[in-house]
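*Asks:* Give me a 3D structure for the following:
(one chain, ligands or ions: 2)
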Amino acid sequence: QRRAAVTAISGPGATSDGHAVPLLANIGGVGDVAAAVAAGAEGVGLFRTEFLFLDDHRQAPSVAVQEEAYRQVLEAFPGSRVVVRALDAGADKPLDFLTPAEEPNPALGVRGLRTLLEHPDVLAGQLEALARAANGLSAQLEVMAPMVADRADAAAFAAACRAAGLTAKVGAMVEIPSAALRASALLREVDFLSLGTNDLAQYTFAADRQTGSLARLQDPWQPALLDLVHAAAQAAQLADKSCGVCGEAAADPLLACVLTGLGVTSLSMSSTAIARVRATLAQHTLGECQAAARAALATDTPQDARQAARNALGVA
Ligand code: PEP
Ligand code: MG
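*Replies:* Ligands and ions are numbered 1, 2, ... in the order given. Next up is the predicted model:
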């Protein structure tokens, strides 16, 4: 009992019966590193590199500038995973020199990996900077692409990483329903998956993530979203590869238990959420999390999914 209580406030993420669920931090740059380390993050699950590109609206930062920024982050996590997301420009994160000015539907247009494949020089520069930054450091660099839609996208990204001489693991974000439905095809090209539940909800429900009045459809407890998480996690389990969550869903302690029960292998969130997720996970066995996941999947509304998980986990 006492050991469980101690585990709950510090140490690696795990269920009460010892099933490890690494708890990682979402960061936007080196300025977020101290909070991540203080929270006991076991690494970085999502390094949003967009912020590096915001200083100059005409061009990408040089390879040298990027290399320095990436090295500072990698140095803070010796021996740990650091998952860097390739530039995710467009839609809610427009960049003047990359994002088409006139698009009728920017969220459905050229964004994320699509932008990078239209600007291979920008992608190559970023990957080169990452390869250089990781050189000689013990952090386990992993690189992932945003907005992967299909196997061809995953293959193109993996090829760009190989061409840049990266030895890091290469991953695909699952943010589009097609990627979740055919996750096994993506995994023929890449080493891991990371579910971006913010965009996955947006594209599953055709509900803009920036439109507050549509919040009901952005609820990560929506059973349709849980179905897609389940599909991707199962495909990864079959392929013996990892499948994390790095969207806001991972920061909800109860939902973190359900995601674990669905087969998700790591959870990445803002550092402020780590302590509560760690404490809640440590109170439940993997079997209980799986029962909560099954109960949530059997419902038709986010409210019922939440309540079913609460009942299965025995929480008020
Ligand atoms: C997501 O879409 O869930 C995600 C993690 O990426 P971002 O919020 O940066 O789009
Ligand atoms: Mg996203």
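*Asks:* wait, doesn't residue 250 sit right on residue 256?
*Replies:* Yes - counting by Cβ atoms under 8 Å, residue 250 touches residue 256, with 5.9 Å between them. Placement of C-beta: from N, CA and C, glycine included.
*Asks:* When the two are compared, which one has more neighbours?
*Replies:* Ranked by neighbour count (other Cβ atoms under 10 Å), residue 250 and residue 256 place residue 250 first, with 31 against 27.
*Asks:* Grab the nearest non-local neighbour of that one.
*Replies:* residue 267 (4.0 Å; Cβ to Cβ, 6 or more residues apart in numbering).
*Asks:* Just say helix, strand or coil for that neighbour.
*Replies:* Per DSSP: H, G, I helix; E, B strand; the rest coil, the local secondary structure of residue 267 is strand.
*Asks:* tally of neighbours for it?
*Replies:* Residue 267: 27 surrounding residues under other Cβ under 10 Å.
*Asks:* list the contacts for it?
*Replies:* If you count contacts by Cβ atoms under 8 Å, 6 or more residues apart in numbering, residue 267 has them with 13, 21-24, 45, 244-245, 250, 256, 259-260, 277.
*Asks:* Within range of ligand 2, give me the residues from the stretch 51-200 of the chain.
*Replies:* 175, 196, 199 (Cβ under 5 Å from the ion).
*Asks:* Need the residues you listed in JSON lines (columns: distance to ligand 1 and neighbour count).
*Replies:* Shown next, in JSON lines, are those (distance: Cβ to the nearest ligand atom, whole Å; neighbours: other Cβ atoms under 10 Å):
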{"residue": "175", "distance to ligand 1": "5", "neighbour count": "26"}
{"residue": "196", "distance to ligand 1": "3", "neighbour count": "27"}
{"residue": "199", "distance to ligand 1": "3", "neighbour count": "23"}
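*Asks:* Which members of those residues are positioned in helices?
*Replies:* Residues from those lying in helices, with DSSP state H as the criterion: residue 199.
*Asks:* Output the residues of the stretch 51-200 of the chain next to ligand 2 in JSON lines, with pLDDT and distance to residue 156 appended to each entry.
*Replies:* Below are these laid out as JSON lines (pLDDT from 0 to 100; distance: Cβ to Cβ, whole Å):
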{"residue": "175", "pLDDT": "98", "distance to residue 156": "16"}
{"residue": "196", "pLDDT": "98", "distance to residue 156": "18"}
{"residue": "199", "pLDDT": "97", "distance to residue 156": "19"}
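*Asks:* Can you get me a residue count around the closest residue to ligand 2 within the stretch 201-316 of the chain?
*Replies:* Residue nearest to ligand 2 within the stretch 201-316 of the chain (Cβ to the ion): residue 247, separated by 7.2 Å. Close neighbours of residue 247, defined as other Cβ under 10 Å, add up to 26.
*Asks:* Could you do residue 163 as well?
*Replies:* 13.
*Asks:* was I right about it contacting residue 124?
*Replies:* Yes - with contacts counted by Cβ under 8 Å, residue 163 reaches residue 124, the gap being 7.3 Å.
*Asks:* picking up where we left off before, show me the contacts for the residue of the stretch 201-316 of the chain closest to ligand 2.
*Replies:* The contact partners of residue 247, by Cβ under 8 Å, 6+ apart, come to 195-201, 220.
*Asks:* From residue 215, how far off is it?
*Replies:* In this view, residue 247 and residue 215 are 15 Å apart by Cβ to Cβ, to the nearest Å.
*Asks:* which residue sits closest to residue 147, ignoring its sequence neighbours?
*Replies:* residue 112 (2.7 Å).
*Asks:* Residue 171 now?
*Replies:* Among residues not flanking residue 171 along the chain, residue 144 sits closest, at 3.7 Å (Cβ to Cβ, 6+ apart).
*Asks:* What of residue 273?
*Replies:* Per Cβ to Cβ, 6+ apart, closest to residue 273 is residue 251, 3.6 Å.
*Asks:* Next: residue 30.
*Replies:* Counting by Cβ to Cβ, 6+ apart, the nearest residue to residue 30 once its immediate chain neighbours are dropped is residue 72, at 4.3 Å.
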